[in-house]
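K.L.:
Turn this into a model:
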Amino acid sequence: MAGNTVVSRRMGEMNEGRLILKLAVPMMLSMLVQAMYNIVDSIYVSMVSEDCLSALSLAFPAQNIMIGLATGTGVGVSTLISRALGRGDRDEAGKTAGTAIFLCFCCWVLMALFGIFGADAFIRSQTKVESIRSYADSYLRIVTTASLFLYLQVCAERFLQSTGLTKYSMWTQIIGAVTNIILDPFFIFGWCGLPAMGPAGAAIATVIGQALGAFFGFLFHVRRNTEVPLSLQAIRPVGRIIRRIYQIGFPSILMMGIGSVTNYLMNIILGAFTSTAVAVYGVYFKIQSFFFMPVFGLNNAMIPIIGYNYGAGKKDRIYRTIGFSVLYATAALLLGLLVFQLFPAQLLSIFNPSEAMLEIGVKALRRISWSFVFAGFCIVAGSACQALDRSMYSLFVSILRQLLALIPAAWLLSLTGDVNNVWWCFPIAEIVSLIASAFFLRSALQGMEKRLSAQ
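P.N.:
A predicted model of the protein is given here:
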């Protein structure tokens, strides 16, 4: 009971602005470390060759689906646990945690089968350059067939985040990321007598980091997270809980899947010009993660706060939580816009770029980054809709932004024959997303008002 009282005071009573920062700062720091290790991976790989850098870009759409399964399931799990604790139902929180671990194994089997039987065909559909294909295939096979550790790590992080123990979630991510960074050069370049494996070595380092992160995540959960009980007997499927997890989380998974389709099609559009443009596209995603990852960390803090107060019927706290989240997210991305506009060449220089890559990349970073002005609100609005049981709204916005705005705009701009014009598709798509996000968030909040008034 004492533990539940602490959660109540923190999630249901603390000033919303301070509460978001209290929960989000550890997650934002861990996300920054996560972004750093993504960048370090690409820096090391770029030292081998530009083909290796392009290979990681081609593998990214499939890898993004794998991550989408983890994060989407995690959104559902975190939301359900937070709501259960908001109602004081500790037993339901434990059943949700056990079901979540069962789902980790299901997701792993699915991605491992793809890695074994589908990775080569997936890469071949994007490039005819044999060296790039070989690098990408080896990387993708490793990260998919060993993806169990990713799912377990994300699962443990969500258990901790759902009760506000974000400090331990932060350490889980930091341990995994730092392990990856340290091991990268050993496996990529063959330090200390190990064989030089290039991108495959980067994949091995990633998997080892995820395994260590998962181990410490569950260690922290067992020792510190007493509000969410977990036992071996609880690790089994509970149909109604699985349905609720994916009612909330499936739109996130589908949105990541749509993002993967978008990346896949963008690789094809850009590859029609040159593989260097594909490398630039991949580098952009690595660099922008340094600004977007903290925003996602902010969202991870916002979701359980909304979930708890939704369960507790405190609508005013939900409004204030969303308002502070929009403010913080917009500030972070405006900083990103400033950096991309002022220092694009310096950002690209850390990836050992050729002259052609610099020429394309400087224009790309400056043009794409104008989308940051609108992205903060769109990200927060989508997550708020998910936490308010309107996950389909986020899905509609994602489809509209990426498949109905970004890809058609990219294709039409590519018809100009100038690859540099293609980058304008990002701010165009974000403006469309802004309009739709505002409409759907308003609708979700109106629905919340009606449901809470009816209780």
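
K.L.:
And residue 425, how close does it get to residue 343?
P.N.:
23 Å (Cβ to Cβ, to the nearest Å). All C-beta spots, glycine's among them, are computed from the backbone N, C-alpha and C.

K.L.:
more neighbours, those two?
P.N.:
Counting neighbours by other Cβ atoms under 10 Å for residue 425 and for residue 343 shows that residue 425 has the greater number, 24 against 13.

K.L.:
Relative to residue 263, how far out is the more buried one?
P.N.:
For residue 425, the distance to residue 263 - Cβ to Cβ - is 13 Å.

K.L.:
What of residue 103?
P.N.:
The gap separating residue 103 from residue 263 is 25 Å, by Cβ to Cβ.

K.L.:
Equivalent analysis for residue 16, please.
P.N.:
35 Å.

K.L.:
Between the two, tell me which one has more neighbours.
P.N.:
For residue 16 versus residue 263, the count of surrounding residues by other Cβ under 10 Å is larger for residue 263: 23 against 20.

K.L.:
what about the closest residue to the more buried one other than its chain neighbours, how many residues close to it?
P.N.:
Excluding its sequence neighbours, the residue lying closest to residue 263 (Cβ to Cβ, 6 or more residues apart in numbering) is residue 61, at 4.2 Å. Other residues near residue 61 come to 21 when the count uses other Cβ under 10 Å.

K.L.:
Identify the residues contacting residue 375.
P.N.:
292, 295, 333, 430, 433 (Cβ atoms under 8 Å, 6 or more residues apart in numbering).

K.L.:
Go ahead and measure how far stretch 446-455 is from the middle of the chain.
P.N.:
31 Å (Cα atoms, centre = their mean, to the nearest Å).

K.L.:
Mind listing residues that contact that stretch?
P.N.:
With Cβ under 8 Å, 6+ apart, stretch 446-455 has contacts from 310, 313, 315, 318, 388-390.

K.L.:
What's the PyMOL line that selects buried ones from the residues you listed?
P.N.:
The PyMOL selection below is limited to those of the contacts of stretch 446-455 classed as buried (16 or more other Cβ atoms under 10 Å):
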select buried, resi 310+315+318+388+389+390
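
K.L.:
Out of the contacts of stretch 446-455, flag the one nearest to residue 246.
P.N.:
Proximity of those to residue 246 (Cβ to Cβ) peaks at residue 389, which lies at 12.9 Å.

K.L.:
I'd assumed residue 245 was in contact with residue 77.
P.N.:
Yes - with contact defined as Cβ atoms under 8 Å, residue 77 counts as touching residue 245 (5.9 Å).

K.L.:
For these two, indicate the residue with more neighbours.
P.N.:
residue 77 (28 against 24).

K.L.:
Where does the more buried one sit, in terms of helix or strand?
P.N.:
helix 50-86 (DSSP states H and E).

K.L.:
Helices of the stretch 101-250 of the chain, start to end?
P.N.:
Using DSSP state H, counting those that start in this stretch, the helices of the stretch 101-250 of the chain run over 119-124, 130-145, 148-162, 166-189, 199-224, 239-271.

K.L.:
Show me what counts as buried in the shortest one.
P.N.:
Within helix 119-124, the residues that qualify as buried by neighbour count (16+ other Cβ under 10 Å) are 119-120, 122-123.

K.L.:
ditto for the fourth one
P.N.:
Residues of helix 166-189 classed as buried by neighbour count (16+ other Cβ under 10 Å): 166-181, 183-188.

K.L.:
Now do the SS call for residue 24.
P.N.:
The three-state label given to residue 24 by DSSP: H, G, I helix; E, B strand; the rest coil is helix.

K.L.:
Burial check on it, number of neighbours?
P.N.:
Look at residue 24: counted by other Cβ under 10 Å, it has 25 neighbours.

K.L.:
which residues sit in contact with residue 50?
P.N.:
Counting by Cβ under 8 Å, 6+ apart, residue 50 touches 275-276, 279, 354, 357.

K.L.:
got a list of what residue 442 touches?
P.N.:
Counted by Cβ under 8 Å, 6+ apart, residue 442 has zero contacts.

K.L.:
outside of stretch 124-131, which residues touch it?
P.N.:
49, 51, 54, 58, 133, 136, 264, 267-268, 271, 275.

K.L.:
Once you drop chain neighbours, what's closest to residue 400?
P.N.:
residue 436 (5.3 Å).

K.L.:
Next, that neighbour: phi, psi?
P.N.:
Backbone torsions of residue 436, given as degrees, to the nearest 10, read phi -70, psi -40.

K.L.:
That one against residue 402, yeah?
P.N.:
No - contact criterion Cβ under 8 Å: residue 436 and residue 402 do not qualify, at 11.8 Å.

K.L.:
And stretch 236-248, what's buried?
P.N.:
For stretch 236-248, by 16+ other Cβ under 10 Å, it's 238, 241-242, 244-246, 248.

K.L.:
Over to stretch 266-285?
P.N.:
266-267, 269-271, 273, 275-285.

K.L.:
out of those, which are inside helices?
P.N.:
Within the buried residues of stretch 266-285, residues falling in helices by DSSP state H are 266-267, 269-271, 275-285.

K.L.:
how about the closest residue to residue 152 other than its chain neighbours, what does it touch?
P.N.:
Nearest residue to residue 152, sequence neighbours excluded (Cβ to Cβ, 6+ apart): residue 214, at 3.9 Å. Residues counted as contacts of residue 214 (Cβ under 8 Å, 6+ apart) are 149-150, 152-153, 156, 176.
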